[in-house]
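>>> Sequence and predicted structure below; questions after.
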Amino acid sequence: MNLTNYDAINWNQVSDMIDKATWEKLTEQFWLDTRIPVANDLGEWRELDDDHRWVVGHVFGGLTLLDTLQSEQGLAALRQNVQTPHETAVLNNIQFMESVHAKSYSTIFSTLNTNEEIDEIFEWSNTQEFLQKKAIEIGNLYMDSTVDPLKKKVANVFLETFLFYSGFYTPLYYLGHNQLTHVAEIIKLILRDESVHGTYIGYKFQVGMRQLTDNQQQDMRDWMYNFLYDLYDNEEKYTHLLYDTVGWSEDVLTFIRYNANKALMNLGQDPLFPDTASDVNPIVMNGISTSTINHDFFSQVGNGYRLGEVEAMNDNDYRVQRPNANKDINQAD
Ligand SMILES: [Fe+2]
Ligand SMILES: [Fe+2]
């Protein structure tokens, strides 16, 4: 391709206000893993038995792999098909934060685990069958230039709003019991980012979906639900592998079905599973509802993270009137 001209990005002419609102939300909730005093959890960590420590280490290994995939391929794939230059800027922001997420698990490992344990966790993550299957299935969609760009958005939202949650369950469970609260603080910051990412990418999917014919939309829906079934089937096996020894598998499966429904809502689709928030273990919901704890950004003396005044995303953040639309977009966090 030979360029004949190149356009500068003009933030004073924004055609989709969702781009601007998302940029502002993401930059205001920026954070770094190195500012969280994870070592404060060492006392509680040493009191856990081997089975529970194994679960914590390996769910974080799995999450590291998925965030690595997002940082290396997921956002790069979406950047190939943007509607606006501001969308590219938002995706750049998301991509950097995925690198922060992936790195933050290493910050946790280096505090809680021995070098031998860390090596084993990465060896496991890089070879475990069910974990690798999800990374490969999603990664193959991202990296294949012949795949419909809308399907890449679906894959992205399924990863962001569904596949992370078998892993998020563990730190949220401990947070609900007021244990490992600094580790959980990192996860809550990641979760807050993923919530915005899933909502934004889901919104861009809905914009693209509206440009399809009824038949094309139906084909997309059929593909999407089949793909979700396929991922859920694998997620069941992954969950049993991780959680059977500590007896949490059924609770985790309820939680991931609840989040699968949220992923579908982000994509503007009907829920698939009967599970709702009231079915999820209330201790885990309690962990989710805990807002991030304030702490002193510069001295790290606090027990949470503080940079500017931020709050969790809610529906009102997306009630932005777009120039060419007169109704609110569908979204779920
Ligand atoms: Fe992430
Ligand atoms: Fe993300």
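That came through, no problem. Numbers count the residues shown, from 1 in each chain. Ligands and ions are numbered 1, 2, ... in the order given.

>>> For the protein, identify the residue most remote from the centre.
No residue in the chain sits farther from the centre than residue 4, which is 38.3 Å out by Cα atoms, centre = their mean.

>>> What pLDDT is listed against that residue?
We have a pLDDT of 95 for residue 4.

>>> Pull the contacting residues for it.
Listed by Cβ atoms under 8 Å, 6 or more residues apart in numbering, residue 4 has no contact partners. The C-beta positions use only the backbone N, C-alpha and C, and glycine is treated the same way.

>>> Secondary structure class of it, three-state.
coil (DSSP: H, G, I helix; E, B strand; the rest coil).

>>> so which helix or strand takes in the closest residue to ligand 1 within the stretch 1-150 of the chain?
Residue of the stretch 1-150 of the chain nearest ligand 1, by Cβ to the ion: residue 101 (3.6 Å). Residue 101 belongs to helix 85-112 when elements are defined using DSSP states H and E.

>>> Flag every buried residue along that helix.
Using 16 or more other Cβ atoms under 10 Å as the burial criterion, the residues of helix 85-112 that qualify are 85-91, 93-95, 97-98, 100-105, 107-109, 111-112.

>>> looking just at contacts, which helices and strands does the helix or strand just after that helix meet?
Remark: after helix 85-112, the chain's next helix or strand is helix 115-125, criterion DSSP H and E. Judged by 3 or more Cβ pairs under 8 Å, 6 or more residues apart in numbering; DSSP states H and E, helix 115-125 is in contact with helix 50-69, helix 85-112.

>>> do you know how far residue 221 is from residue 264?
With distances taken as Cβ to Cβ, to the nearest Å, residue 221 is found 10 Å from residue 264.

>>> neighbour count winner among those two?
More crowded of residue 221 and residue 264, by other Cβ atoms under 10 Å: residue 264, with 25 against 15.

>>> any idea how far ligand 2 is from the more buried one?
Going from residue 264 to ligand 2 by Cβ to the ion, to the nearest Å gives 17 Å.

>>> which residues touch the residue of the stretch 1-150 of the chain closest to ligand 1?
Listed by Cβ under 8 Å, 6+ apart, the contact set of residue 101 reads 63, 67, 70, 71, 190, 193.

>>> near ligand 1, which residues of this protein?
Within the chain, the positions near ligand 1 by Cβ under 5 Å from the ion are 67, 98, 101.

>>> Number of residues surrounding the residue in the stretch 201-333 of the chain that ligand 2 sits nearest to?
At 8.5 Å from ligand 2, residue 201 is the closest residue in the stretch 201-333 of the chain, using Cβ to the ion. Neighbours of residue 201 under the rule other Cβ under 10 Å: 28.

>>> thinking again about what came up before, can you give me phi and psi for the residue farthest from the centre of the chain?
The phi and psi values for residue 4, taken as degrees, to the nearest 10, are phi -110, psi -20.

>>> how far away is it from residue 168?
As for residue 4, its distance to residue 168 is 47 Å (criterion: Cβ to Cβ).

>>> What segments of this protein are helices?
For the chain, applying DSSP state H gives helices covering 17-28, 42-47, 50-69, 75-79, 85-112, 115-125, 129-143, 149-158, 165-176, 181-209, 214-243, 249-266, 282-289.

>>> In CSV: the ones you listed, plus distance to residue 11 and mean pLDDT.
What follows is those, written out as CSV (distance: least, Cβ to Cβ, whole Å; pLDDT from 0 to 100):
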stretch, distance to residue 11, mean pLDDT
helix 17-28, 7, 96
helix 42-47, 45, 96
helix 50-69, 28, 98
helix 75-79, 18, 98
helix 85-112, 7, 98
helix 115-125, 39, 98
helix 129-143, 28, 98
helix 149-158, 24, 98
helix 165-176, 33, 96
helix 181-209, 17, 95
helix 214-243, 32, 98
helix 249-266, 26, 97
helix 282-289, 33, 85
